[in-house]
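Student: Sequence below, structure please.
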Amino acid sequence: MKDSTVSRIAFTVAFALALALSFGNVWGMRSGDVVTTQALIWVDPSGTATVSEVTSLPVTRLQRLDRPTSLDGGSRALWMRWDFAVLPSDQQWFIVLQGGAFFNRVDFHQLGRDGVWQSQSAGDHRPVSSWSNPDRLPVFRVDPTATTAWLRIENHPAPLSPSIRLLDARDLKASRDRTVLGLGAYLGFGLLVLFLGWVHVRLYADRVFVAYVTYVFCMLGFQVAFTGMGGLFFWPDWARWNDMAPALFMLWMTAAGIWFVREVSSLQRLSRPLNRFITAWSITGFLYPVLYFLWASPTAFKLLNLYGLLSVLLSMGVCLWAWRKGETYAGWTALGFLPLHLAYPFPALRSAGAIPDSWATQYAVLLGSAIEIPLLLYILHRRAKDFNENRARMRVIDSTDPLTGLTIVPVLLLRLRDTLRRARRGRQTFALVLVDLANHREIQTTEGRVMADRALVVAASILSEMVRDIDTVCRISETRFAMLLEAPFRPSDLGNFAQHVVARGLGQAEPLPTHLAPRFRVVTVPLPEHSQDSERADDTDVERLLERMHRTLDQLDPRKSIWHLPLLGAANAETEATASVRSA
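Tutor: So this is what the prediction gives:
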């Protein structure tokens, strides 16, 4: 493809992703008020303080949260206090936390009218089915008559950087419906792409499609786990898996992406050291979850994020390097990865604690992958199609004459044996026609070798146009062609066909001057329309038949152009053929 096309596609993808993210942020901001920065906070260094202990703290120990903050993971817990104004009691109100995958345990406390603290719980260390309000994200009902609320957030080992909204019941339902609709559409689309990828695996038997299918499967698993859809719909009672799934699928998705880059860039052929390094890097991603879950610490979490960042840079670098080495589709693959790589900084910065939870950190990768995975499938389809066409050309080269493009002799002999068997078993008539380009030597003497070869090509084209798809035309010697007519016909039609061959040769052939028109001499033989002594046709029968037709052409009077031979028994075939030609 042209460079201008590449530029237009790259600009379109980047613009579509930026527009989707901008629209998504505006759409998400419409529902409810962000109350994160209205809170007073206190960090519990031990993570063991109770709500009664926290409420007894002096106000001077609390800090005003003027802007979203980031708190490193570990054993610490973040407490947040709101002093709400009186909320309308005719509506139901809810506190909603963005980024459910980043919270191990969340507890919401309000003092009831009876003076007892009312608590609600959520978080991925508890089964979603046991949450106070089972949902994709931590959601807590707010008592409008209680003006003070406390929220305890704990996460290990990811940093705490929450974004919290206050919504009424209508806005919560509208937000939930829009999100579930969008995620359901994404999941259905992803499953369709996954199915099409598996179809390509079966169709082309190419390892690159296996890597692609693995990558798409891990991407869907990551999105289902990261957005909370898995905990709500697929594993509501599996708290441990709900906690592990986002990190596990993220690492597997990254490792599968590196494996996919390795296959599409053909590193096995370009560089063995780089191929070994990329293979080891991919295997590291598949095995690192074992170490991560056994040694869950801020350091392990930073290594996880570092692996993801370096994998993004590595995949782009390898694709561009392979493209410079001549792998065209490696460059297109780098373009296919672009939507996801443009979206990657949002969750990566959130994981590092640099930015708070938001619509972009939650759904940027989802939007990027929705553009990326079908784009990669299209690129792979084009790649497989081109490679398949090349393999088909190579197979054709092995079975065709390099000058004329006609079938080679072994293929003709195989088909001729089959035709002889069918002719001896049934009551249908077939035929074999031997055509000689009689003036080839004359053309070569007067016009040279190039024009003589052109005459052979023209002759092959003329003969190929005169037969049907099931018939076979083969160049069996320097100037002679065999035409195996496998379509049933009446014996009387064979003479007309031979005359037509001679007439077509004498007609005007555009690639050749008029005085160099091909002059054909033709020998025909009908294959038997009734059973012979044996239904078996072996190599001896075929060779004897072709030898008899060659001998007839060699002995044919130069003034004659057509001769018809009967198919005789093996005993008297040669004698009668010689006598027939001499009597001519």
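
Student: In three-state terms, label residue 42 for me.
Tutor: strand (DSSP: H, G, I helix; E, B strand; the rest coil).

Student: who's it bridged to?
Tutor: Beta-bridge pairing for residue 42 (DSSP bridges): residue 79.

Student: swap in residue 475?
Tutor: residue 481.

Student: ok, now how distant is residue 88 from residue 108?
Tutor: Noted for residue 88: a distance of 20 Å to residue 108, by Cβ to Cβ, to the nearest Å. Placement of C-beta: from N, CA and C, glycine included.

Student: Please say which of the two ends up with more neighbours.
Tutor: For residue 88 versus residue 108, neighbours defined as other Cβ atoms under 10 Å are more numerous around residue 108 (25 against 9).

Student: so what secondary structure elements neighbour the one helix or strand residue 140 maps to?
Tutor: Applying DSSP states H and E as the criterion places residue 140 in strand 139-142. Packing partners of strand 139-142 (3 or more Cβ pairs under 8 Å, 6 or more residues apart in numbering; DSSP states H and E): strand 93-97, strand 105-111, strand 117-122.

Student: With residue 440 as the reference, name the closest of those.
Tutor: strand 93-97 (87.0 Å; Cβ to Cβ).

Student: Pull the number of nearby residues for residue 239.
Tutor: 19.

Student: what's the distance between the residue lying closest to it once chain neighbours are set aside and residue 292?
Tutor: Using Cβ to Cβ, 6 or more residues apart in numbering and skipping residues adjacent in sequence, the residue nearest residue 239 is residue 127, 4.6 Å away. When distance is defined by Cβ to Cβ, residue 127 is 22 Å away from residue 292.

Student: higher neighbour count, these two?
Tutor: Shown here are residue 127 and residue 292; by other Cβ under 10 Å, residue 292 has more neighbours (20 against 17).

Student: Which residues belonging to the helix or strand that contains the more buried one are considered buried?
Tutor: In this assignment (DSSP H and E), residue 292 forms part of helix 272-294. For helix 272-294, a neighbour-count test (16 or more other Cβ atoms under 10 Å) marks 274-275, 278, 281-282, 284-286, 288-289, 292 as buried.

Student: Stretch 294-303 now?
Tutor: Neighbour-count burial for stretch 294-303, counted by 16+ other Cβ under 10 Å, picks out 296, 300-301.

Student: which of those lies closest to residue 345?
Tutor: residue 301 (17.4 Å).

Student: helices or strands next to the helix or strand harbouring residue 333 in the packing?
Tutor: When secondary structure is defined by DSSP H and E, residue 333 falls within helix 328-343. Other helices and strands packing on helix 328-343, by 3+ Cβ pairs under 8 Å, 6+ apart, are helix 3-29, helix 239-264, helix 298-324, helix 359-398.

Student: Of these, which shows the lowest average pLDDT?
Tutor: Per-stretch averages of pLDDT across the helices and strands packed on helix 328-343 put helix 3-29 at the bottom, with a mean of 45.

Student: Toward the C-terminus, what is the element adjacent to that helix?
Tutor: strand 33-34.

Student: Give me the sheet partners of that next one and which way each runs.
Tutor: Short version: by DSSP bridges, strand 33-34 pairs with strand 164-168 (antiparallel).

Student: could I get the partner strand in CSV with only the CA atoms?
Tutor: C-alpha atoms of strand 164-168 as CSV (Å, rounded to 0.1, in the frame of the first residue of the first chain):
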residue,chain,number,x,y,z
ILE,A,164,-15.8,8.9,43.9
ARG,A,165,-19.2,10.1,42.7
LEU,A,166,-22.5,10.9,44.4
LEU,A,167,-25.5,9.8,42.2
ASP,A,168,-29.2,9.5,42.6
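
Student: Quick one: residues in contact with it.
Tutor: 31-36, 39, 80, 84, 91-98, 142, 151, 175 (Cβ atoms under 8 Å, 6 or more residues apart in numbering).

Student: That one to strand 93-97, inter-axis angle?
Tutor: 150 degrees (axes from the mean of the first three to the mean of the last three Cα atoms, to 10 degrees).

Student: ok now strand 164-168, how far from the chain's centre?
Tutor: 41 Å (Cα atoms, centre = their mean, to the nearest Å).

Student: What average pLDDT does the following helix or strand past that strand get?
Tutor: Using DSSP H and E, the helix or strand that follows strand 164-168 in sequence is helix 169-204. Averaging pLDDT along helix 169-204 gives 90.

Student: and helix 169-204, what does it pack onto?
Tutor: By 3+ Cβ pairs under 8 Å, 6+ apart, helix 169-204 packs against strand 93-97, helix 207-226, helix 229, helix 359-398.

Student: Burial check on residue 511, number of neighbours?
Tutor: 11.

Student: cool, and residue 502?
Tutor: Quick note: residue 502 (other Cβ under 10 Å) scores 16 neighbours.

Student: Spatially, what comes nearest to residue 309 if we skip its sequence neighbours?
Tutor: Per Cβ to Cβ, 6+ apart, closest to residue 309 is residue 348, 6.3 Å.

Student: pretty sure the one you found is in a strand, no?
Tutor: No. For residue 348, which was evaluated using three-state DSSP, the result is helix, with no strand membership.

Student: how much space is there between it and residue 208?
Tutor: Distance from residue 348 to residue 208, by Cβ to Cβ: 27 Å.

Student: Tell me which of those two has more neighbours.
Tutor: residue 208 (24 against 19).

Student: Does the more buried one touch residue 264 like I think?
Tutor: Yes. Between residue 208 and residue 264 there is a contact under Cβ atoms under 8 Å: 5.2 Å.

Student: got any residues that touch both of those two?
Tutor: By Cβ under 8 Å, 6+ apart, the residues touching both residue 208 and residue 264 are 380, 383.

Student: List the contacts of the spatially most central residue of the chain.
Tutor: Nearest to the geometric centre of the chain sits residue 377, at 3.1 Å (Cα atoms, centre = their mean). With Cβ under 8 Å, 6+ apart as the criterion, the residues that contact residue 377 are 193, 196-197, 200, 212.

Student: what about 7 Å?
Tutor: Residues in contact with residue 377 (Cβ atoms under 7 Å, 6 or more residues apart in numbering) are 193, 196-197.

Student: ok, it to residue 163 distance?
Tutor: Separation of residue 377 from residue 163 (Cβ to Cβ): 34 Å.

Student: now swap in residue 88 and tell me
Tutor: With Cβ to Cβ as the criterion, residue 88 and residue 163 are 24 Å apart.
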